[in-house]
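1. What follows is a predicted protein model with its sequence.
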Amino acid sequence: MATHEDVVLDVDGLRMRYGTKDVLHDVTFQARRGDVVALLGPNGAGKTTTLEILEGFRNRSAGRVAVLGTDPAHGGERWRARLGVVLQSWRDHGKWRVRELLAYLGGYYARYSTPGIRRPVDPDELITAVGLADQAQQQIRRLSGGQRRRLDVAVGIVGRPELLFLDEPTAGLDPQARREFHDLVARLAADNQTTILLTTHDLDEAQRLADRIVIISRGRIIADGTAEQLAQQIAGQDEVRWTLGGQRFARSTEQSTRFVFDLFREHGDSITDLEVRRSSLEDTYLTLVHQAELTGAAS
Ligand SMILES: Nc1ncnc2c1ncn2[C@@H]1O[C@H](COP(=O)(O)OP(=O)(O)O)[C@@H](O)[C@H]1O
Ligand SMILES: [Mg+2]
């Protein structure tokens, strides 16, 4: 059984209102130590707002929130030192060199070292871990987009955080840099038991990176589970295509195995060219978001 200590993120009935506009309604989810959770949703869903509240950068309107056992609205420096935050890219420090910046920022965390957690991470070790060894002496403004994002992550983890927040970490990266980034995050989670909450609007990315996907739409959690659990939550429509007597047919069905069985029983070897496409998690995601939008429009 999970102990209280294992619950790193505990969000219960979180609400946020900007002026007269409610942007988070009753958001509830948890994350345990070592979990990699993706907060997945379309633009404007409330992902950044949620993250900023958990990071202690924004005051919530209502609800209960505990991050590493502390209410972020009252988190002090010691609490903050246990978090890592990677924002939607910053553009300062362009003249600094990579190693120089990391050594400087790391200095802040030394006083928050504990017997169990040595802070900060050694800068050279960190530079190697994020794949910037060849750029250690390079000025930050000369880094490529992908290298820049790796540096963002290095800055986020230099204090050896117990919990890492990543807001749209791969936005603007090319496919190659994106893949390298995914590998980096996977290694981080595996090596250090770091709990990671990341946001993305890309389902494929959520699936690759996360043990669990929390789908948010219009400020409401509409699904929460592993990719398999989400796929089961909605009985997706499979698509069956076949050719019979030279003519093409297609049919959507929830029970493709049964359908194909009946099809063959009836037409046997006159069928050529059978193809079954299983509903994907993407179909599930789009269905869920679409349903939430219809419900939202009605309320
Ligand atoms: N400071 C703000 N003042 C007013 N409305 C805001 C503010 N920040 C975000 N919003 C609104 O809150 C909603 C959620 O935004 P956000 O959390 O940035 O979504 P996401 O990160 O999922 O794209 C959007 O409708 C956005 O316009
Ligand atoms: Mg955002």
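-> Yep, that arrived. Ligands and ions are numbered 1, 2, ... in the order given.
2. pretty sure Q137 contacts L101?
-> No - applying C-beta atoms under 8 Å, one finds Q137 not in contact with L101, separated by 11.4 Å. From N, CA and C alone the C-beta is placed, and that goes for glycine too.
3. These two - which one has more neighbours?
-> L101 (20 against 9; other C-beta atoms under 10 Å).
4. so what's the more buried one up against?
-> Residues in contact with L101 (C-beta atoms under 8 Å, 6 or more residues apart in numbering) are H93, I140, L151, V155.
5. filter the residues you listed to the buried ones?
-> H93, I140, L151, V155 (16 or more other C-beta atoms under 10 Å).
6. Please report how far the closest residue in space to S252 that isn't next to it in sequence lies from R251.
-> Spatial nearest neighbour of S252, excluding adjacent residues (C-beta to C-beta, 6 or more residues apart in numbering): Q237 at 4.3 Å. As judged by C-beta to C-beta, to the nearest Å, Q237 and R251 stand 10 Å apart.
7. Neighbour count for those two, which is higher?
-> The residue with more neighbours, out of Q237 and R251, is Q237; 16 against 13, by other C-beta under 10 Å.
8. State the pLDDT value of the more buried one.
-> Looking at Q237, its pLDDT is 78.
9. Quote the end-to-end distance of stretch 57-64.
-> 16 Å (C-alpha to C-alpha, to the nearest Å).
10. what about it and ligand 2, any contact?
-> No - on the criterion C-beta under 5 Å from the ion, stretch 57-64 is out of touch with ligand 2, staying 12.4 Å away.
11. does that stretch come close to ligand 1?
-> No - with C-beta under 6 Å from any ligand atom as the criterion, ligand 1 is not reached by stretch 57-64; the gap is at least 8.2 Å.
12. just the buried ones among the contacts of L101 now: which is nearest ligand 2?
-> Within the buried ones among the contacts of L101, proximity to ligand 2 (C-beta to the ion) peaks at V155, which comes in at 18.8 Å.
13. Just give me how far the helix or strand V240 falls within sits from the chain centre.
-> According to DSSP states H and E, V240 maps onto strand 238-244. Taking C-alpha atoms, centre = their mean, to the nearest Å, one finds the center of strand 238-244 at 35 Å from the center of the full chain.
14. what does stretch 74-90 give?
-> With C-alpha atoms, centre = their mean as the basis, stretch 74-90 stands 17 Å off its chain's centre.
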